[in-house]
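**Student:** Generate coordinates for the sequence data below:
(one chain, ligands or ions: 1)
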Amino acid sequence: MSTQALYDQFVIPSYGRLPLSFARGSGAWLYDEGDTAYLDMYPGWGVNLVGHCHPRVVEAIRAQAGRLLHVPNNYHSPLQATLAQRIIGHACAGKVFFSNSGAEANEGALKLARKWGAARGKWKFVTMENSFHGRTMGALAATGQPKYHKDFTPLVPGFSYVPFGDLAAARAAVDAETCAIMVEPIQGEGGVNVAPADYFQGLRALCDEQECLLIFDEVQTGVARTGAWFGWQRIGVQPDIMTLAKALGGGVPIGALVAAARVADVLQPGTHASTYGGNPLVCAAAHAVISIIEEEDGLARAQALETQFRARGAALQKQFGVIRACRGAGCMFGIELDKPGQPVVNACLEQRVLINCTHDTVLRFLTSVFLTDDEIARAFDALEASLARL
Ligand code: PLP
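**Tutor:** Numbering: from 1, shown residues only. Here you go, the predicted model:
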């Protein structure tokens, strides 16, 4: 039976899957079951920031697998402790809780904020229209997109949604019962939407005035993606809580909730937990990812990619009237079209270049920081040919 036939029979069909089946990966390349190579401009939905199977990540996992795979969180684990220390070292004074995914990191952030607010009569959240925070019930309620809510109501109560970038709307939505505002530094799934630094400064000031927490969902923007360790550092606005996942594990499931010192001790024993959260295997992989970024110029590479993406994007925009805007930061880049982008994705696929389209019209790139000039040229040549066919 083919892989696809097995899926049809045995896997719940909750994903729209392309007719591709991959067997191995290396750097920016994926190889299908027949060993045909595809250039991956969207590796792992943002997971493979250091590329597929970076040798240092692979070696760290191999070595740790032979030593200790898992111990639960009623014990201490040196790899988890030192990973938290390294994350905090790149962030701000505070503490970390480890989970297995972005949605789960966000659930932890929502719980922390609710618990912090409980003593203050605060329990509501303000989040952004077009945001994406995950598929679990709390993260789903935080996600400001009705299409994802459909058929899953009633949602967790207490969420209201305001337009991203509209400070006045946020100000109007926050009241004495609001425990937190939650926002992505750059909206990813919602269309690679950016907002100016003074918007985030305004949110910070609003949270301080109204005594509520500012949560940044950095599941997509965190860990060097935008050319800074975390998106908030690029913006210059520090949240009370940030959440991480995707790139942190280099391909293994890890998430993290990072809380500033003043709120970090809210979650006391018995209030929140995860069986797998931050086990030795995933922490070993995350250590390798952080070392790679530190020692192999991860931030500078992401910044250099931004320059290249901007230049290539601007050239395409001059050439093709269908391009409305190009935007992003580091190796997170979006090209907005004035029509659906799926035909462009399909045409790139025919040229064995994998790109993503989000929010119907935005072509999205979330590349490895190690993308070479040749790989960029190849991807943009495919994109140009695909746009020409529109
Ligand atoms: N938050 C953001 C900003 C995301 O982009 C995503 C996934 O795309 C999530 C949360 C959910 O992460 P996960 O799929 O690991 O649960």
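
**Student:** Residue 256: which element?
**Tutor:** Assessed by DSSP states H and E, residue 256 sits inside strand 255-260.

**Student:** elements contacting that strand?
**Tutor:** Judged by 3 or more CB pairs under 8 Å, 6 or more residues apart in numbering; DSSP states H and E, the packing partners of strand 255-260 are helix 78-90, strand 94-99, helix 102-118, strand 241-244. Just so you know, the C-beta spots here come from the backbone N, C-alpha and C atoms, and that holds for glycine as well.

**Student:** and it, average pLDDT?
**Tutor:** The pLDDT scores in strand 255-260 average 98.

**Student:** swap in stretch 154-165?
**Tutor:** Per-residue scores along stretch 154-165 average to 98.

**Student:** what does that stretch contact?
**Tutor:** Surrounding stretch 154-165, the residues in contact under the criterion CB atoms under 8 Å, 6 or more residues apart in numbering are 123-131, 137-138, 140-142, 144, 149, 169-170, 172-173, 183, 187, 190, 193, 195-196, 199.

**Student:** what number of residues lie near the residue in the stretch 1-150 of the chain that the ligand sits nearest to?
**Tutor:** Closest to the ligand within the stretch 1-150 of the chain is residue 102: 2.3 Å, counting by CB to the nearest ligand atom. Residue 102: 29 surrounding residues under other CB atoms under 10 Å.

**Student:** go on, residue 97?
**Tutor:** 26.

**Student:** swap in the one 4 residues further on?
**Tutor:** The number of residues packed around residue 101, counting by other CB under 10 Å, is 20.

**Student:** which ones are touching residue 111?
**Tutor:** 138, 267, 271-272.

**Student:** Redo those as TSV? Include distance to residue 387.
**Tutor:** Listed next are the contacts of residue 111 as TSV, based on distance: CB to CB, whole Å:
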residue	distance to residue 387
138	39
267	48
271	51
272	47
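
**Student:** Whatever residue of the stretch 251-390 of the chain ends up closest to the ligand: what's it in contact with?
**Tutor:** Residue nearest to the ligand within the stretch 251-390 of the chain: residue 255 (6.4 Å; CB to the nearest ligand atom). Residues counted as contacts of residue 255 (CB under 8 Å, 6+ apart) are 98-105, 219, 243-245, 248, 277.

**Student:** Residue 167 and residue 205 touch, don't they?
**Tutor:** No: with contact defined as CB atoms under 8 Å, residue 167 does not count as touching residue 205 (9.2 Å).

**Student:** okay, the residue of the stretch 1-150 of the chain closest to the ligand: pLDDT?
**Tutor:** So residue 102 comes in at 98 (pLDDT).

**Student:** Tell me if I'm right that it and residue 245 touch.
**Tutor:** Yes: with contact defined as CB under 8 Å, residue 102 reaches residue 245; the gap is 3.6 Å.

**Student:** Buried residues, whatever helix or strand residue 30 lives in. List them.
**Tutor:** If you go by DSSP H and E, residue 30 is part of strand 29-32. Using 16 or more other CB atoms under 10 Å as the test for burial, strand 29-32 gives 29-30.

**Student:** Going by neighbour count, which residues of the following helix or strand past that strand are buried?
**Tutor:** Going down the chain from strand 29-32, the next helix or strand is strand 37-40, by DSSP H and E. Neighbour counts over strand 37-40 (16+ other CB under 10 Å) mark 38-40 as buried.

**Student:** Over to stretch 218-237?
**Tutor:** Those buried within stretch 218-237 under the rule 16+ other CB under 10 Å are 218-235, 237.

**Student:** Quick check: residues of this structure near the ligand?
**Tutor:** Contact residues (CB under 6 Å from any ligand atom) of the chain with the ligand: 45, 101-103, 106, 132-134, 184, 188-189, 217, 219-220, 245.

**Student:** Of those residues, which count as buried by neighbour count?
**Tutor:** Buried, going by 16+ other CB under 10 Å: 101-103, 106, 132-134, 184, 188-189, 217, 219-220, 245, out of those.

**Student:** show me the contacts for residue 383.
**Tutor:** Counting by CB under 8 Å, 6+ apart, residue 383 touches 316, 335, 344, 348, 353, 355, 363.

**Student:** Of these, just say which sits nearest to residue 390.
**Tutor:** residue 344 (6.7 Å; CB to CB).

**Student:** Report the inter-axis angle for the strand holding residue 256 versus helix 78-90.
**Tutor:** 50 degrees (axes from the mean of the first three to the mean of the last three CA atoms, to 10 degrees).

**Student:** mind saving the C-alpha coords of the helix or strand following strand 255-260 as CSV?
**Tutor:** Under the assignment DSSP H and E, the closest C-terminal helix or strand after strand 255-260 is helix 261-264. Taking C-alpha atoms only, helix 261-264 is exported to CSV below (Å, rounded to 0.1, in the frame of the first residue of the first chain):
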residue,chain,number,x,y,z
ALA,A,261,10.9,37.6,37.5
ARG,A,262,7.9,39.5,39.0
VAL,A,263,5.4,36.9,37.8
ALA,A,264,7.5,33.8,37.4
